[in-house]
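[1] Give the three-dimensional model of this entry:
(one chain, ligands or ions: 1)
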Amino acid sequence: MKTLPTRIKDVYIIKSKIRTDKRGAFYKTYNENIFKEYNLCTEFKESYYSISKKDVIRGMHFQLPPFDHEKLVYVPKGKIIDVVLDMRKKSQTFGEYVDIELSEKNKLSIYIPKGCAHGFKSLEDNTITVYNVSTAYNPDYDSGVRWDSFGMDWEIDNPIVSNRDKGFKDFAEFRIPF
Ligand SMILES: Cc1cn([C@H]2C[C@H](O)[C@@H](COP(=O)(O)OP(=O)(O)O[C@H]3O[C@H](C)C(=O)[C@H](O)[C@H]3O)O2)c(=O)[nH]c1=O
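    Numbers count the residues shown, from 1 in each chain. You can find the predicted model right below:
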């Protein structure tokens with residue numbers, strides 16, 4: 001398992017260890033010692049997954065303090081463009097984002113620290129996205145900013161977006177607590 005930094009501090013790309021044999025494939029997505037070595041969170045309180053049609057955009061989501069959380073995200077089936085937006089006011093990359101393809105094929109994961117918003121565009125029908133989060137879901141603290149408000153070119157005209165996500169404030173208008 002390799003952990004690669006990105007240009008946004010504390011956002012890492014994790015290359016899973018993959019084993020293939022005549023039955024198929026096996027890949028590991030988490031190892032406490034490796035995560036500890038990179039000072040990453042090793043206590044995930046919840047894990048869930050979503051199934052998305054092609055051209056769905058989910059995001060940009062985060063939970064507000066004190067329920068803000070780290071996330072470990074990967075795609076065991078299908079393909080997404082995953083996007084992380086730095087919302088930490090004191091960060092050198094405040095307002096900047098990284099985008100990366102996560103897929104069944106490349107078996108990459110992304111580690112997202114507190115203070116960053118997360119979203120993705122699904123590139124295939126029936127894409128499964130798995131999320132591991134370090135605090136439990138709290139609907140009163142679950143928040144977000146509009147997917148089209150921070151400069152990312154999603155290369156899509158009419159994505160499938162939830163009414164909730166459409167109703168978020170723009171990044172520039174959001175009162176940032178991070
Ligand atoms: C996270 C969660 C959600 N819900 C309910 C709330 C909604 O009624 C429904 C779907 O939730 P939401 O629309 O927030 O799901 P997504 O838009 O797919 O958000 C997900 O994708 C984006 C990209 C993320 O980064 C979020 O962390 C992740 O939750 O499940 C629950 O009941 N429990 C939960 O733990």
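
[2] Can you classify residue 143 as helix, strand or coil?
    strand (DSSP: H, G, I helix; E, B strand; the rest coil).

[3] Surely it touches residue 65?
    No - in this structure residue 143 lies outside contact range of residue 65 using Cβ atoms under 8 Å: 10.6 Å. C-beta here means a position set from N, CA and C on the backbone, and glycine is covered the same way.

[4] Of the two, give the one with the bigger neighbour count.
    residue 143 (17 against 13; other Cβ atoms under 10 Å).

[5] How about the more buried one: what's its closest non-neighbour residue?
    residue 64 (5.4 Å; Cβ to Cβ, 6 or more residues apart in numbering).

[6] show me what contacts the one you found?
    141-143, 177 (Cβ atoms under 8 Å, 6 or more residues apart in numbering).

[7] do you know how far it is from the ligand?
    Going from residue 64 to the ligand by Cβ to the nearest ligand atom, to the nearest Å gives 13 Å.

[8] Widest-spaced pair of the contacts of residue 64?
    Pairwise distances across those (Cβ to Cβ) peak at 13.5 Å, for the pair 142 and 177.

[9] I'd like to know how many residues surround residue 75.
    Neighbour number of residue 75 under other Cβ under 10 Å is 28.

[10] first vs last residue of stretch 73-92, how far apart are they?
    24 Å (Cα to Cα, to the nearest Å).

[11] Give me the mean pLDDT for it.
    What stretch 73-92 shows for mean pLDDT is 98.

[12] if you skip the residues just before and after it, what's nearest to the closest residue to the ligand within the chain?
    The minimum distance from the chain to the ligand, using Cβ to the nearest ligand atom, falls at residue 137 (2.9 Å). Computed as Cβ to Cβ, 6+ apart, the closest residue to residue 137 that is not its neighbour in sequence is residue 46, at 6.3 Å.

[13] My understanding was that the one you found contacts residue 138; is that so?
    No - distance between residue 46 and residue 138: 10.5 Å, which falls outside the contact criterion (Cβ under 8 Å).

[14] which residues does the nearest residue to residue 94 once chain neighbours are set aside bridge with?
    Distance criterion Cβ to Cβ, 6+ apart; nearest residue to residue 94, sequence neighbours excluded, is residue 86 at 5.7 Å. For residue 86, the beta-bridge partners under DSSP bridges are residue 116.

[15] what does residue 57 give?
    Under DSSP bridges, the beta-bridge partners of residue 57 are residue 121.

[16] do the same with residue 127
    Counting by DSSP bridges, residue 127 forms beta bridges with residue 52.

[17] List the contacts of the most centrally placed residue in the chain.
    In the chain, the C-alpha nearest the mean C-alpha coordinate belongs to residue 118, at 4.5 Å (Cα atoms, centre = their mean). The contact partners of residue 118, by Cβ under 8 Å, 6+ apart, come to 59-62, 71, 73, 82-85, 112.
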